[in-house]
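>>> Quick one, fold the following:
(one chain, ligands or ions: 2)
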Amino acid sequence: QEDSSVAPQRHRITMKGLNPPQEAVTFEEMKERYSMPAQLYANLAKNDYIHPTGIQSSGIPALLESRDVAAISPTGTGKTLSYLLPIFTKLGSPSSSQQAQENGSGKGVRAIVIAPTRELAHQIHNECLKLAQGRKWRIVLFSKATASTLSDKSIRDKVDIIISTPLRLVSSIQEGSLELENVRHLVLDEADRLLDSEFLEQIQEITAACTHPNLQKAMFSATLPAGVEKTAMGMLQDPIRLVVGLKDT
Ligand code: ADP
Ligand code: MG
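Ligands and ions are numbered 1, 2, ... in the order given. Sure, this is the predicted structure:
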């Protein structure tokens, strides 16, 4: 078991890939560099996110620079915020908001986070709600019940982020009750498990349904065994590969 305390300074970070972005050692630096909305920035301190962890210092800039990312960092090092903060920053404002309607940023779900278990999806949803405070983001923890609510397209069009297990998403895609062509951010959390044989086919089906040309893909996990790493890298474009601590093979 990994130590669950957040102590980035104890970890060594390696970053590989073409033109790797510069790390940001504070959240303020991220805010300035990437024009993070003020409300979102305020939600960090409000939820006791004071100093970014190692994976956050390097992963957040990479994602905000629109790079595909494969990130490996031990359990408890804050991988969830590493991908959620860029998603909220990039989405800018909720689909249902006037700004979004006016700038025509498109309808329908724009970000998907996939996790191998319901329990994990639930935890990710909770982290999402912290960042969503103060704005009318529609964040859906996908289940049979919520999926059926979304059978109404006018409701579906206002959803910003979906968090789901693979099978749940695949069912909705197959039913034709969920369009993913406007998805700009696809995250695989605990990617080592999602790319393993049990889930791989489902992940491939979901990925194929995300047809937006500017789709950004990110994978986060505590380990990435060699066999799975090859599959992962094959799915990413010019990825930035981040490893915090020792790679577990
Ligand atoms: P991982 O996915 O790497 O296992 P989590 O994203 O679940 O880690 O984060 C572990 C815990 O650390 C959570 O309770 C989260 O709220 C907290 N956390 C994450 N980032 C920070 C931070 N920068 N400062 C303080 N706490 C943080
Ligand atoms: Mg995690």
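>>> and D160, what does it touch?
Contact criterion C-beta atoms under 8 Å, 6 or more residues apart in numbering gives 91, 94-95, 109-111, 137-139 as the residues in contact with D160. No exception for glycine: its C-beta is placed from N, CA and C like everyone else's.
>>> Point out the ones among these that are inside strands.
In this view, the contacts of D160 that belong to strands under DSSP state E are 111, 139.
>>> Please enumerate the strands of the protein.
Taking DSSP E to define them, one finds strands in the chain at 13-16, 69-72, 111-114, 139-141, 161-164, 185-189, 216-221, 240-244.
>>> pLDDT on the first one, on average?
In this model, strand 13-16 carries a mean pLDDT of 90.
>>> which outside residues touch it?
By C-beta under 8 Å, 6+ apart, the residues outside strand 13-16 that reach it are 23, 54-55, 57-58, 62, 240-244.
>>> what do you get for the second one?
Under the contact criterion C-beta under 8 Å, 6+ apart, strand 69-72 has outside partners 55, 59, 62-63, 79, 82, 191, 217-224, 229, 232-233, 236, 239-244, 247-248.
>>> Among these, which ones lie close to ligand 1?
K79 (C-beta under 6 Å from any ligand atom).
>>> which of the contacts of strand 69-72 count as buried?
Neighbour counting with 16 or more other C-beta atoms under 10 Å marks 55, 59, 62-63, 79, 82, 191, 217-224, 229, 232, 236, 239-244 as buried within these.
>>> just to revisit the earlier point, now tabulate the contacts of D160 in TSV and tack on neighbour count, distance to ligand 1 and pLDDT.
Below are those laid out as TSV (neighbours: other C-beta atoms under 10 Å; distance: C-beta to the nearest ligand atom, whole Å; pLDDT from 0 to 100):
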residue	neighbour count	distance to ligand 1	pLDDT
L91	20	19	95
P94	21	22	91
S95	22	25	87
V109	27	22	94
R110	24	21	96
A111	25	16	98
W137	20	18	96
R138	17	22	96
I139	20	16	97
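>>> Where is the longest helix in this protein?
For the chain, the helix that runs over the most residues, judged by DSSP state H, is helix 118-132.
>>> That one - what's its average pLDDT?
98.
>>> And for stretch 201-212?
Averaging the model's pLDDT scores along stretch 201-212 yields 97.
>>> and that stretch, how far from the chain's centre?
In terms of C-alpha atoms, centre = their mean, to the nearest Å, the centre of stretch 201-212 is found 15 Å from the chain centre.
>>> Check stretch 187-195 too.
Here the centre of mass of C-alpha atoms in stretch 187-195, compared against the chain's by C-alpha atoms, centre = their mean, lies 11 Å away.
>>> Alpha carbons only: can I get it in PDB?
Presented in PDB, the C-alpha positions along stretch 187-195 are these (Å, rounded to 0.1, in the frame of the first residue of the first chain):
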ATOM      1  CA  VAL A 187     -10.000  10.600 -19.300                       C
ATOM      2  CA  LEU A 188      -9.200   7.000 -18.300                       C
ATOM      3  CA  ASP A 189      -8.700   6.900 -14.600                       C
ATOM      4  CA  GLU A 190      -6.900   3.800 -13.300                       C
ATOM      5  CA  ALA A 191      -6.000   3.200 -16.900                       C
ATOM      6  CA  ASP A 192      -4.000   0.100 -16.100                       C
ATOM      7  CA  ARG A 193      -7.300  -1.600 -15.300                       C
ATOM      8  CA  LEU A 194      -9.300  -0.100 -18.100                       C
ATOM      9  CA  LEU A 195      -6.800  -1.200 -20.700                       C
END
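>>> Understood, closing this out.
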